[in-house]
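1. what would the 3D arrangement of this be:
(one chain, ligands or ions: 2)
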Amino acid sequence: HSKPLIFGIETSCDDTGCAIVDGRGNLLSESLHCQNLIHLRNGGIIPDVAQDLHRRYIELTVEDTLKKANLSMDDITALAVTLQPGLPLSLAVGMKYAKHLARKFNKPFIPIHHMEAHALVSRMQHNIPFPYLTLLISGGHCLLAIVQDINQFKLLGESLDSAPGEVFDKVSRRLKLRNVPEYSKMSGGQAIEASASKASDPHCFKLPLPLANYKDCNFSFNGLKTSTLLHLHRKEKEHNIEGDELIPEVSDLCAALLMAVTRHLVHRTQRAIEFCKQRKLIPETEGRLVVSGGVACNNFIFKNLTILCNEMEYDIFRPDPKLCTDNGVMIAWNGLEKWRGGVDIVTDLNSLDIKAV
Ligand code: KG4
Ligand code: ZN
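-> Residues are numbered from 1 along each chain as shown. Ligands and ions are numbered 1, 2, ... in the order given. Here you go, the predicted structure:
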């Protein structure tokens, strides 16, 4: 294998993920333990439960990753680990275990910012030079930023309240989509996308365009969540619905929400592209948009962003779906990019700490 060999560890939310990337950027192995099904049953992520599961699986996930690549920890050049942002209890498990490994095997430690890793992982699969615009949409975040270099990001805008994935997850729960067997094992966003694809009359539900009169690049999703839930209550009353039953118009309501979220995302991204053009922040002929984060898996959203980019003469990229959602590969890849650039390598393990948001 070509050196360096970077071992990535991700535990910021509800996925325990590890991966090894070599010096050419090849993925040698990966292992991912998702807690999704347990949190679905609990109706959301309980931090203590997430931490327990990370603790239970971290060693197994590390071992599994080494075994799949036929390597031992001695072969590894450096450890790359998510330290922020995320759930503090979850982050702590990855950091503590990585510190233990770094001490035991005398390895350098590369702290990783989870959102930067989301923003950079596309470079593992596509040739995307700096600078580029990125839209990161997940269960915890929604932001537009210019990626100027490996460790240089210019934030253009972010959500003023909740994240789109969070809204999908909450609405999906209230719509009781989990009671439909074919959606029972899906994330909220996936279930809403699947149900929306069966819509017959999505326009029968009216939803607003958030921040329509603002010219900045910020987002807001709480209004869409509230309006969707009001439509739901109205329909539940109309049909006298109780218990586990779904409203008959569930697919139309999912489609209306998905369309409204998409409209908002496209609207703000258009604003960001215009801003980059006006201020010449990205060279005229080299416009590129990279979309990532769990919500980027959504094909309806990506299709509409692609239409926008075609109109604005921007190229558009997104990583494979399994690299859009949380994973250890993006952490290892970010570690490699930092190693190559010689940035942020930590030798004093006592100086490390975790940051929540
Ligand atoms: O990036 P991610 O794995 O974790 C966070 O850092 O939040 O994103 C998870 C989020 C969840 O809210 C999930 O509902 C959403 O991504 N998601 C989707 C789709 N697949 C996952 N949202 C919309 N459409 C999808 N196909
Ligand atoms: Zn994420």
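
2. any idea how far Tyr97 is from the closest residue to ligand 1 within the stretch 101-250 of the chain?
-> Here the stretch 101-250 of the chain gets closest to ligand 1 at one residue, Gly189, 1.9 Å apart by Cβ to the nearest ligand atom. In this view, the C-beta of every residue, glycine as well, is placed from N, C-alpha and C. Distance, Gly189 to Tyr97, using Cβ to Cβ, to the nearest Å: 29 Å.

3. what's the answer for Leu207, then?
-> The gap separating Leu207 from Tyr97 is 44 Å, by Cβ to Cβ.

4. which residue packs closest to whichever residue of the stretch 151-300 of the chain sits closest to ligand 2, ignoring adjacent ones?
-> Proximity of the stretch 151-300 of the chain to ligand 2 (Cβ to the ion) peaks at Gly293, 5.7 Å away. Among residues not flanking Gly293 along the chain, Ser138 sits closest, at 3.5 Å (Cβ to Cβ, 6 or more residues apart in numbering).

5. tell me who's in contact with the one you found.
-> By Cβ atoms under 8 Å, 6 or more residues apart in numbering, Ser138 lies in contact with His118, Ala163, Pro164, Gly165, Gly293, Gly294, Val295, Thr325, Asp326.

6. report the buried members of those.
-> Buried subset of the contacts of Ser138 (neighbour count, 16 or more other Cβ atoms under 10 Å): His118, Ala163, Pro164, Gly165, Gly293, Gly294, Val295, Thr325, Asp326.

7. and the fourth one, which helix or strand is it part of?
-> The secondary structure element spanning Gly165 is helix 164-174 (assigned by DSSP states H and E).

8. now Gly157: which helix or strand?
-> Per DSSP H and E, Gly157 falls inside strand 152-158.

9. list the helices and strands that strand packs on?
-> Applying 3 or more Cβ pairs under 8 Å, 6 or more residues apart in numbering; DSSP states H and E, we find strand 152-158 packed against strand 142-149, helix 250-278.

10. how many residues are close by Cys34?
-> By the criterion of other Cβ atoms under 10 Å, Cys34 has 17 neighbours.

11. revised request: answer the last question for Thr285.
-> Using other Cβ under 10 Å: Thr285 sits among 6 other residues.

12. in a helix, it, correct?
-> Yes - counting by DSSP: H, G, I helix; E, B strand; the rest coil, Thr285 is part of a helix.

13. start the count at 46 instead of 1 going forward.
-> Noted, 46 is the first residue going forward, which turns the last one into Thr330.

14. ok, back up a step: just the buried ones among the contacts of Ser183 now: which is nearest Lys325?
-> For these, the residue nearest Lys325 by Cβ to Cβ is His163; the value is 26.0 Å.

15. for that closest one, helix, strand, or coil?
-> helix.

16. low pLDDT regions in this structure?
-> Where the chain drops to pLDDT under 70, the residues are 392, 399-402.

17. now do the helices in it.
-> Ranges of helices within the chain are 81-87, 92-113, 133-150, 159-165, 167-170, 209-219, 233-241, 267-283, 295-323, 344-357, 366-369, 374-386, based on DSSP state H.

18. can you redo those as a markdown table with distance to ligand 2?
-> Compiled in a markdown table, the helices of the chain are given as follows (distance: least, Cβ to the ion, whole Å):
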| stretch | distance to ligand 2 |
| --- | --- |
| helix 81-87 | 13 |
| helix 92-113 | 14 |
| helix 133-150 | 12 |
| helix 159-165 | 6 |
| helix 167-170 | 14 |
| helix 209-219 | 9 |
| helix 233-241 | 12 |
| helix 267-283 | 20 |
| helix 295-323 | 16 |
| helix 344-357 | 16 |
| helix 366-369 | 9 |
| helix 374-386 | 9 |
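
19. wait, which of these is closest to Lys260?
-> helix 295-323 (6.6 Å).

20. quick one: is the closest one near ligand 1?
-> No - applying Cβ under 6 Å from any ligand atom, one finds helix 295-323 separated from ligand 1 by no less than 7.9 Å.

21. so the strand holding Gly202 versus helix 295-323, what angle?
-> Put simply, strand 197-203 runs at 130 degrees to helix 295-323, going by axes from the mean of the first three to the mean of the last three Cα atoms, to 10 degrees.

22. the stretch 146-295 of the chain against ligand 1: which residues are in contact?
-> Going by Cβ under 6 Å from any ligand atom, the residues of the stretch 146-295 of the chain near ligand 1 are Ser183, Gly184, Gly185, Gly210, Phe213, Asp214, Ser232, Gly233, Gly234, Gln235, Glu238.

23. state the pair within these that is farthest apart.
-> Greatest spacing in these, by Cβ to Cβ: Gly185 and Glu238 (18.8 Å).

24. which of Gly234 and Tyr142 has more neighbours?
-> Set Gly234 next to Tyr142 and count neighbours by other Cβ under 10 Å: Gly234 wins out with 27 against 21.

25. show me which positions of stretch 267-282 end up buried.
-> Using 16+ other Cβ under 10 Å as the test for burial, stretch 267-282 gives Gly268, Leu269, Lys270, Ser272, Thr273, Leu274, His276, Leu277, Lys280.

26. relative to its centre, which residue of this structure is most distant?
-> Residue farthest from the centre of the chain, counting by Cα atoms, centre = their mean, is Asn285 at 37.6 Å.

27. report the central residue of this protein.
-> Nearest residue to the geometric centre of the chain (Cα atoms, centre = their mean): Gly338, 2.5 Å.
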